[in-house]
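Trainee: Show me how the following folds:
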Amino acid sequence: MTRYVGAIDQGTTSSRFILFDHEGEIVALDQREHAQIYPRPGWVEHDAAEIWRNTQSVIAGALNKAGLTAADLACVGLTNQRETTLLWDRRTGAPLHNAIVWMDTRTDALVARFSAQGGKDRLRAKTGLPLSTYFSSLKLIWLFENIPGARAKAQAGEALFGTMDSWIAWNLTGRHFTDATNAARTQLMNLETLQWDDELLTLFDIPRACLPQILSSSEIYGACRAPLEGALLSGALGDQHAALIGQACFAPGDAKNTYGTGCFLLMNIGETPRLSTKGLLTTLAYRLGEEKPVYALEGSVAIAGALVQWLRDNLGIIEKSADIEALAASVPDNGDVYFTPAFSGLYAPYWRESARGIIAGLTRFSTKAHIARAALEAVAFQTRDVVAAMAEDSGVALEELRVDGGMAVNALLMQFQADILGAPVVRPRCIETTALGAAYAAGLASGFWKDKREIAAHWRAEKKWNPMMSTEERERRIAKWAKAVTRSFDWTD
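Mentor: The predicted structure is shown next:
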């Protein structure tokens, strides 16, 4: 029996390939960043061809580090940044335009157009999602309306639509498909049937001929081409859904928060989709093979790790992202500075496309250390807003929050997160839970792992932070944060 499973993790800022053993431990990892393209304020794009080149590079790099070949892998899983939208030519394989990234806000006029009748929540009952610049549907319309000939090509099946999972899988296997978790984020799939919905396709005027086939998150999709020739692709999920599996959140009420470019908190709500009344999304958590689909409530925060990158790249406050913890820890508190990072508007639970980023409370006393600390605290405050909404929606108080993602290594942030939640924060031994979840999905389909119980047995806590802040201080800071958030509203017309 081969002893390893590979996972492609195609994220917002980088692509990685990670090799795991049967215990879910990392054997080797390779990573490469790709360019963030900003043609105009609020516009964010990626070069899909560059991402595919980087994906090939990191696969080769990780296999080389481990002294393995693709034939040594039992199977391969795939996970990806969600909602990021691409059209490419079926014959040549060339993208028709840069990929439009999930946080891009160019479709705000389309939000207004489709909200004019029935409001922003008109599609929630069918999709679990509000009308927003976030999801793929309006991005695809923008491509049709702005690329000459794109709609005609799509209608003829000559141009293919996909999120980044479809793009990578098509290059790897030649098959045009997506998994149901990624399809759920397009706003074109019916949450109950898990199929493309005719009414939605008619509303948005999306030709069915360009759409990928919707498959489960865990099944054998096909044999891979180079650089994974000899391996089977057998798992695919959007990144946050993969992290839910990687954190073994298999029971209703289990919740995890992933601190990446954005921040994404998901709670397993079982086999029945339940619509949110508190600004959260209802989404498919996962569908493993022929098992019944499992659903989740999700709170999405647009800017988390991206804020640290902004301090590094745009302001030059730090040289490396890892430097922010020491800088923030050099002051005892935030000096009454609050940072609302609404660079792409505010997502859950506010859904304010017209909000923009502000730094409030600056005085002559304020330093770059206070701004750094306020930036880290902003991530925790945004998470706390989502947790509060989730508790109201679900009727379940959070007992502990399982955390992962790059920022979960920041002890200062994790302690403040526990303090502002008033609940323990637990980091697992393996924080690469997104890639691990994709590996688990692939391994379940190939028989590498027997069932979810075997996977859950691998989960181990590595560090736990308990709240230390007084209730009075917590409430004072939350009130100040709420004041700063309202100052960011309606900045753009």
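Trainee: if you go through the stretch 351-493 of the chain in chain order, where are the helices?
Mentor: Using DSSP state H, counting those that start in this stretch, the helices of the stretch 351-493 of the chain run over residues 368-394, 411-421, 433-446, 452-456, 471-487.
Trainee: got it, and the stretch 201-350 of the chain?
Mentor: Under DSSP H, counting those that start in this stretch, the stretch 201-350 of the chain gives helices at 239-246, 305-310, 324-329.
Trainee: Can you give the distance of the first one from its chain's centre?
Mentor: Meaning helix 239-246. Distance of helix 239-246 from the chain centroid (Cα atoms, centre = their mean, to the nearest Å) equals 9 Å.
Trainee: okay, it in CSV with CA atoms only?
Mentor: Coordinates of the C-alpha atoms in helix 239-246 are reproduced here as CSV (Å, rounded to 0.1, in the frame of the first residue of the first chain):
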residue,chain,number,x,y,z
ASP,A,239,-10.8,25.8,1.0
GLN,A,240,-13.1,26.6,4.0
HIS,A,241,-15.1,23.4,3.5
ALA,A,242,-11.8,21.4,3.3
ALA,A,243,-10.7,23.0,6.6
LEU,A,244,-13.9,22.0,8.3
ILE,A,245,-13.1,18.3,7.4
GLY,A,246,-9.4,18.9,8.3
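Trainee: Pick the most deeply packed of the helices of the stretch 351-493 of the chain.
Mentor: Of all those, helix 433-446 has the most neighbours on average by mean count of other Cβ atoms under 10 Å, namely a mean of 30. Any C-beta I mention is one placed from the backbone N, CA and C, and that applies to glycine too.
Trainee: Helix 239-246 and that one, what's the angle between them?
Mentor: 70 degrees (axes from the mean of the first three to the mean of the last three Cα atoms, to 10 degrees).
Trainee: and S217, what does it touch?
Mentor: S217 makes contact with D179, A180, T181, G235, A236, L237, H241, Y286, R287, L288, A441, according to Cβ atoms under 8 Å, 6 or more residues apart in numbering.
Trainee: Please identify which two of the residues you listed are farthest apart in space.
Mentor: For the contacts of S217, the farthest-apart pair by Cβ to Cβ is A180 and G235; their separation is 12.5 Å.
Trainee: okay, those two: which has more neighbours?
Mentor: Remark: of A180 and G235, G235 carries more neighbours, 33 against 22, as counted by other Cβ atoms under 10 Å.
Trainee: Can I get stretch 365-379 in PDB, CA atoms only?
Mentor: What follows is stretch 365-379, C-alpha atoms only, in PDB (Å, rounded to 0.1, in the frame of the first residue of the first chain):
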ATOM      1  CA  PHE A 365       0.500  59.300  21.000                       C
ATOM      2  CA  SER A 366      -0.200  56.700  18.400                       C
ATOM      3  CA  THR A 367       2.600  54.800  16.800                       C
ATOM      4  CA  LYS A 368       3.100  52.200  14.100                       C
ATOM      5  CA  ALA A 369       3.000  49.600  17.000                       C
ATOM      6  CA  HIS A 370      -0.500  50.700  17.900                       C
ATOM      7  CA  ILE A 371      -1.600  50.400  14.300                       C
ATOM      8  CA  ALA A 372      -0.100  47.000  14.100                       C
ATOM      9  CA  ARG A 373      -1.900  45.900  17.300                       C
ATOM     10  CA  ALA A 374      -5.200  47.400  16.000                       C
ATOM     11  CA  ALA A 375      -4.800  45.500  12.800                       C
ATOM     12  CA  LEU A 376      -4.400  42.100  14.600                       C
ATOM     13  CA  GLU A 377      -7.300  43.000  17.000                       C
ATOM     14  CA  ALA A 378      -9.500  43.800  14.000                       C
ATOM     15  CA  VAL A 379      -9.200  40.200  12.800                       C
END
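Trainee: list the buried ones in stretch 7-27?
Mentor: Within stretch 7-27, the residues that count as buried by 16 or more other Cβ atoms under 10 Å are 7-20, 22, 24, 26-27.
Trainee: Among those, name the ones in strands.
Mentor: 7-10, 14-20, 26-27 (DSSP state E).
Trainee: the strands in the stretch 201-350 of the chain, which residues?
Mentor: Secondary structure of the stretch 201-350 of the chain (DSSP state E, counting those that start in this stretch): strands located at 213-215, 218-223, 232-238, 255-259, 263-270, 281-286, 294-301, 338-340.
Trainee: can you give me the offset of the second one from its chain's centre?
Mentor: In terms of Cα atoms, centre = their mean, the gap separating the centre of strand 218-223 from the centre of its chain is 23 Å.
Trainee: Now that strand: buried residues?
Mentor: For strand 218-223, by 16+ other Cβ under 10 Å, it's S218, E219, Y221.
Trainee: Surely A60 touches P227?
Mentor: Yes - using Cβ atoms under 8 Å, A60 is in contact with P227, at 5.4 Å.
Trainee: Could you give the number of residues near the closest residue to A391 other than its chain neighbours?
Mentor: Distances taken as Cβ to Cβ, 6 or more residues apart in numbering place A397 nearest to A391, at 5.5 Å, with adjacent residues excluded. If you count neighbours by other Cβ under 10 Å, A397 ends up with 11.
Trainee: Cheers, nothing more for now.
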